[in-house]
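# Just a sequence and a predicted model for now, questions to come.
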Amino acid sequence: MAKLQGPLFSLEASGKLGPHLTYSKRKSGSQVRFQRAQTDIITAARTTRRDAYLWAVNNWKNFSAAEKAAYNTRAAGLHMTGYNLYMKENIKELVWTEKRPDGDANHNWERIASNATGQYLIACIFSGRLWTSDDYGANWTERRPAGDDDRSWRGVTISATGKYMIASDGNGRLWISDDYGVTWAEARPEGDNTRAWYGCAISTTGQHMLAGINTGRLWLSDDYGANWTEVRPKGDDNGTWYAHAISTGGQYLIAGDVGGRLWTSDDYGANWTERRPAGDANYSWYGVGLDITGQYMLAAVFGGRLYTSSNYGATWTERQPAGNTDNSWFQIKSDYDGSHLIATDFGGRLWTSDDYGANWTERRPAGDADLQWYGAASSSNGSHLFAGIYGGRLYTGVRS
């Protein structure tokens, strides 16, 4: 707000006096006007547009010098800056579409994972089948690693290219594909035993893999799943390892113990550090995530809060998308640089952030109702988002 300049009753007075009186000069002469206060009306359309703008702004901030220079070069003859050109081309709203891999029926969509571009996807149904897509979710193919039976699929993950995939059977085996999900090989980290395999994670290259057992141990592979090593964040104690993530080079890892603690490693899983974002107490860590470098870490408490870290897990910040309340946070995932986030509230709403978790937007792909949001995934730049409902449908969100 401009302050009043010049003597109050002089012809030179300009600016504002208080919230309502405005002094100005017009062609007809000097004048003073009563300015009625404007009401800031928050509408769905305004929120959607502001969200699209924020998404584009944060993408620009994360561009390299070379990427910005390329836009500046293109804009040179257009009488605008490179930033203006980028914003003109990339302010895109998030549009959601329901997907039906298994036809017109509700399913328990446990997990979904996306490659870097969002083209290749894998999703799993608890007490159902595995499904993959190679066209951004437009069409789906049923996969049967364990034969023609419904299985207790608990986790799926995919590499950046989409070539490498992992699927974990909560009452069976661990399965790996190196051909975009066409064929699968059984992995046996614990030998020829059936185990309650829960979460799994893969590096962007596919070389580094991490998987966990319900009431068991963590297992790590650095050769595309050919060989596995047992790792023990809790020492010689079992954990309920449900959530896992791993950085591109495999150096940084994060794992959540349901009913226990959060653990991170910065030396390829050789040593682990207990983290306490929510204080010195056990929590149900159901969701974790990483950017590809390992610097930005994410964690979700079922029956608690969301947490983010920007320094490899050293310190944490509590996030409150749904206000100052405990929620049944199930999943939290990020894009490759950690700026775009998606979080699922089981029995609540779907939430996204485009600024590292500082601010959040509620999403309603399935309408204005609380739903059992479970799995979530993001493409490398957050332009494609994915979410599934336990006892509902799958949804894809695309910036367009």
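On my side now, so go ahead. Numbers count the residues shown, from 1 in each chain.

# Let me see the ranges of the helices in the stretch 201-350 of the chain.
For the stretch 201-350 of the chain, applying DSSP state H, counting those that start in this stretch gives no helices.

# So, low pLDDT: which residues of this structure?
Residues of the chain meeting the criterion pLDDT under 70: 1-21, 23, 25-40, 42.

# Regarding it, what is its longest helix?
helix 44-61 (DSSP state H).

# quick one: buried residues of it?
With burial defined by 16 or more other CB atoms under 10 Å, the residues of helix 44-61 counted as buried are 51, 52, 53, 54, 55, 56, 57, 58, 59. Where you see a C-beta, it was placed from the backbone N, CA and C, and this is true even at glycine.

# can you check stretch 163-180 too?
For stretch 163-180, by 16+ other CB under 10 Å, it's 163-170, 172-178, 180.

# In PDB, list the C-alpha atoms belonging to the helix or strand just after the longest helix of the chain.
Later in the chain than helix 44-61, the nearest helix or strand by DSSP states H and E is helix 65-75. This file holds the C-alpha atoms of helix 65-75, laid out as PDB (Å, rounded to 0.1, in the frame of the first residue of the first chain):
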ATOM      1  CA  ALA A  65      21.600 -22.500 -15.900                       C
ATOM      2  CA  ALA A  66      21.800 -24.200 -19.300                       C
ATOM      3  CA  GLU A  67      18.000 -24.900 -19.300                       C
ATOM      4  CA  LYS A  68      17.300 -21.300 -18.500                       C
ATOM      5  CA  ALA A  69      19.700 -20.100 -21.100                       C
ATOM      6  CA  ALA A  70      17.900 -22.100 -23.800                       C
ATOM      7  CA  TYR A  71      14.700 -20.300 -23.000                       C
ATOM      8  CA  ASN A  72      16.400 -17.000 -23.000                       C
ATOM      9  CA  THR A  73      17.800 -17.700 -26.500                       C
ATOM     10  CA  ARG A  74      14.400 -18.700 -27.800                       C
ATOM     11  CA  ALA A  75      12.800 -15.600 -26.200                       C
END
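
# I'd like the next helix or strand past helix 65-75.
Counting by DSSP H and E, what follows helix 65-75 is helix 82-90.

# thinking again about what came up before, how about CSV for the buried residues of helix 44-61, with distance to residue 306 added?
Formatted as CSV, the buried residues of helix 44-61 follow (distance: CB to CB, whole Å):
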residue, distance to residue 306
51, 18
52, 23
53, 24
54, 19
55, 19
56, 24
57, 22
58, 18
59, 22
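
# Can you tell me which of these is nearest residue 313?
residue 58 (22.4 Å; CB to CB).

# so the closest one touches residue 353, yeah?
No. Counting by CB atoms under 8 Å, residue 58 sits too far from residue 353 to count as a contact (9.5 Å).

# Identify the residues contacting residue 269.
Residues in contact with residue 269 (CB atoms under 8 Å, 6 or more residues apart in numbering) are 210, 218, 220, 229, 231, 250, 253.

# that older thread, common neighbours of residue 58 and residue 353, please.
Common neighbours of residue 58 and residue 353 (CB under 8 Å, 6+ apart) are residue 340.

# got a list of what residue 144 touches?
So residue 144 contacts 129, 130 (CB under 8 Å, 6+ apart).

# 7 Å instead, please
By CB atoms under 7 Å, 6 or more residues apart in numbering, the residues touching residue 144 are residue 129.

# Residue 224 versus that one, what's the distance?
22 Å (CB to CB, to the nearest Å).

# Over to residue 375?
In terms of CB to CB, residue 375 sits 24 Å off from residue 224.

# what about those two, which has more around it?
Remark: of residue 375 and residue 224, residue 375 carries more neighbours, 24 against 18, as counted by other CB atoms under 10 Å.
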